[in-house]
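Undergrad: I need the structure of the sequence given here:
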Amino acid sequence: MTDLAIAANGLCKSYGDKTVLDGIDLAVPEGTIFSLLGPNGAGKTTAVKILSTLIRADAGDLRVGGHDLATDAQAVRAAIGVTGQFSAVDNLITGEENMLLMADLHHLSRREGRQVTAELLERFDLTEAAKKPASTYSGGMKRRLDIAMTLVGSPRIIFLDEPTTGLDPRSRHTMWQIIRDLVTGDGVTVFLTTQYLDEADELAHRIAVLNDGRIAAEGTAEELKRIVPGGHVRLRFTDPAAYQSATSALREASRDDESLALQIPSDGSQRELRSILDWLDSAGVEADELTVHTPDLDDVFFALTGSTQSTEALR
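TA: Residues are numbered from 1 along each chain as shown. Here you go, the predicted structure:
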C-alpha cells in the first residue's frame with residue numbers, strides 16, 4: 001500500500017443508534033484527485049473529519065500518508081492540509097496576516113514565513129489584496145486564500161470539503177484549475193467532496209458514491225456512467241422516405257413519427273457508432289442528424305441513491 005495516499009478498510013462510525021459509515025473501503029493513489037459523492041447526510045464530511053484526525057473512527061484499518069491513523073495521528077497531521085466547507089479565513093485581519101498566522105502555527109521562522117507567504121499570495125493572484133482586510137474579499141478570493149493557507153505547511157495530501165460551494169461559475173472554474181495544478185504541478189493528492197456532480201466529472205480520477213453509510217459504486221467517471229442504462233443514438237431525418245426505410249430495418253429503435261427520428265439503444269462506443277454508420281451506408285439511407293446520448297453523473301447518482309433532489313442542492 002506504499003503507493004496509496006489514503007487507505008481505509010472497514011471504516012465505521014456511529015452516533016448512538018445512527019450508523020453514519022458502515023464499513024467502507026477507500027483506496028486513493030498518490031498524486032490523484034479522488035471525489036466522494038453522496039446525498040445530504042450520507043457521511044461525506046464525517047469521512048473527511050475521521051481521515052483528517054478531527055474525530056475518531058469506531059473501527060477500521062486507516063492509513064493516511066503511510067501513517068496509521070490510530071497510532072500516529074501527529075504524523076498524519078504533518079502530512080495533510082484541510083479546507084472545510086466554511087472558510088477558515090479571519091475576516092478581521094488582512095490576507096497577508098492570515099498567511100503569516102498560518103506560518104507561525106507551522107513553526108516557520110519569521111524569514112521563511114514571509115517568503116512562503118509572498119510566494120503563495122503571488123501564486124494565487126492575491127498580492128494586490130494582501131494588505132486589505134479579508135472582509136473585503138470576494139467569495140472566490142477567500143477560497144483562494146483558504147487554499148493558500150492550507151499550502152503553507154507543504155502538505156502532500158489535501159482534503160477539500162465542498163471547496164466551491166457558493167462560488168459563481170467563473171470562480172468555480174478558477175478553483176478547478178487551482179486543484180488541477182496542485183496535482184499535476186505539485187504532485188499533491190486531493191480528496192474532494194462536492195455537491196456539484198459536474199465538478200467530480202471534470203476533476204476526479206476516481207469517484208466513489210456514498211449512500212446509507214456504504215459505498216454504492218466506485219470507479220472512473222466513465223466507468224460509473226456505463227453502469228446506468230439509457231444510452232442511445234438518435235437519428236433524425238428530413239426525408240420521410242428515408243425515415244420509413246430506416247424504421248423498417250431498425251425494428252429495435254424507438255420511433256418519433258412527428259419529428260422523423262429514431263432512437264437506438266447504444267452505449268455510445270466507437271464500435272456501435274461504426275456499425276450504425278455502416279448500416280446507413282449499405283442501405284443507402286442518409287440521416288440528417290446523428291446525436292449520441294450517454295448517461296451522465298446525475299443519472300448515476302439518482303440511480304444509485306434513489307435521490308430526486310436537485311444536484312444544485314446536494315451536500
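
Undergrad: shouldn't L51 be in contact with L69?
TA: Yes - at 7.2 Å, L51 counts as touching L69 under the criterion of C-beta atoms under 8 Å. Placement of C-beta: from N, CA and C, glycine included.

Undergrad: Can you check which residues contact both of these two?
TA: Taking C-beta atoms under 8 Å, 6 or more residues apart in numbering as the criterion, L51 and L69 both touch L62.

Undergrad: any idea of the mean pLDDT in stretch 275-284?
TA: Stretch 275-284 shows a mean pLDDT of 84.

Undergrad: Can you tell me the SS state at the most far-flung residue of the chain relative to its centre?
TA: No residue in the chain sits farther from the centre than A241, which is 47.2 Å out by C-alpha atoms, centre = their mean. Following DSSP: H, G, I helix; E, B strand; the rest coil, we place A241 in the helix state.

Undergrad: Rounded mean pLDDT for stretch 299-315, please.
TA: Stretch 299-315 shows a mean pLDDT of 60.

Undergrad: Helices of this structure, start to end?
TA: Ranges of helices in the chain, per DSSP state H, are 44-51, 73-79, 95-105, 110-123, 139-151, 169-184, 197-203, 221-226, 240-249, 270-283, 297-305.

Undergrad: Can you mark which positions in the longest one are buried?
TA: Which is helix 169-184. By 16 or more other C-beta atoms under 10 Å, the buried positions in helix 169-184 come out as S171, R172, T174, M175, W176, I178, I179, L182, V183.

Undergrad: same deal with the second one?
TA: Buried residues in helix 73-79, defined by neighbour count with 16+ other C-beta under 10 Å: A75, V76, R77, A79.

Undergrad: now that helix: how far from the chain's centre is it?
TA: Distance of helix 73-79 from the chain centroid (C-alpha atoms, centre = their mean, to the nearest Å) equals 24 Å.

Undergrad: cool, and the fourth one?
TA: Per C-alpha atoms, centre = their mean, the displacement of helix 110-123 from the mean C-alpha position of its chain is 29 Å.

Undergrad: And it, what does it pack against?
TA: With contacts defined as 3 or more C-beta pairs under 8 Å, 6 or more residues apart in numbering; DSSP states H and E, the packing partners of helix 110-123 are helix 95-105, helix 139-151.

Undergrad: a markdown table for those, including mean neighbour count?
TA: Output for those, formatted as a markdown table (neighbours: other C-beta atoms under 10 Å):
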| stretch | mean neighbour count |
| --- | --- |
| helix 95-105 | 20 |
| helix 139-151 | 22 |
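
Undergrad: CSV for those, including distance to Q115 and mean pLDDT?
TA: Shown next, in CSV, are the helices and strands packed on helix 110-123 (distance: least, C-beta to C-beta, whole Å; pLDDT from 0 to 100):
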stretch, distance to Q115, mean pLDDT
helix 95-105, 9, 95
helix 139-151, 13, 92
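
Undergrad: so which of those helices comes closest to H232?
TA: With C-beta to C-beta, the closest approach to H232 among those belongs to helix 139-151: 38.5 Å.

Undergrad: got the end-to-end distance for stretch 11-24?
TA: Distance across stretch 11-24, first residue to last, is 5 Å (C-alpha to C-alpha, to the nearest Å).

Undergrad: If you count neighbours, what's buried in it?
TA: L11, C12, K13, T19, V20, L21, I24.

Undergrad: Listing request: residues of this structure with sub-threshold pLDDT.
TA: For the chain, the stretches with pLDDT under 70 are 1-2, 307-315.

Undergrad: Show me how it divides into domains.
TA: 30-57+65-89+137-226, 232-293 (automatic domain parsing).

Undergrad: Pick the most buried one from the ones you listed.
TA: Of all the domains of the chain, domain 30-57+65-89+137-226 carries the top mean neighbour count, a mean of 19, counting by mean count of other C-beta atoms under 10 Å.

Undergrad: Can you give me the first-to-last residue distance of that domain?
TA: End-to-end distance for domain 30-57+65-89+137-226: 26 Å, by C-alpha to C-alpha.

Undergrad: quick check, distance from it to the centre of its chain.
TA: Put simply, domain 30-57+65-89+137-226 sits 7 Å off its chain's centre (C-alpha atoms, centre = their mean).

Undergrad: related to what we said a few turns ago, make JSON lines from the buried residues of stretch 11-24 and add distance to E119 to it.
TA: Conversion of those to JSON lines gives the following (distance: C-beta to C-beta, whole Å):
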{"residue": "L11", "distance to E119": "36"}
{"residue": "C12", "distance to E119": "41"}
{"residue": "K13", "distance to E119": "38"}
{"residue": "T19", "distance to E119": "45"}
{"residue": "V20", "distance to E119": "39"}
{"residue": "L21", "distance to E119": "38"}
{"residue": "I24", "distance to E119": "38"}
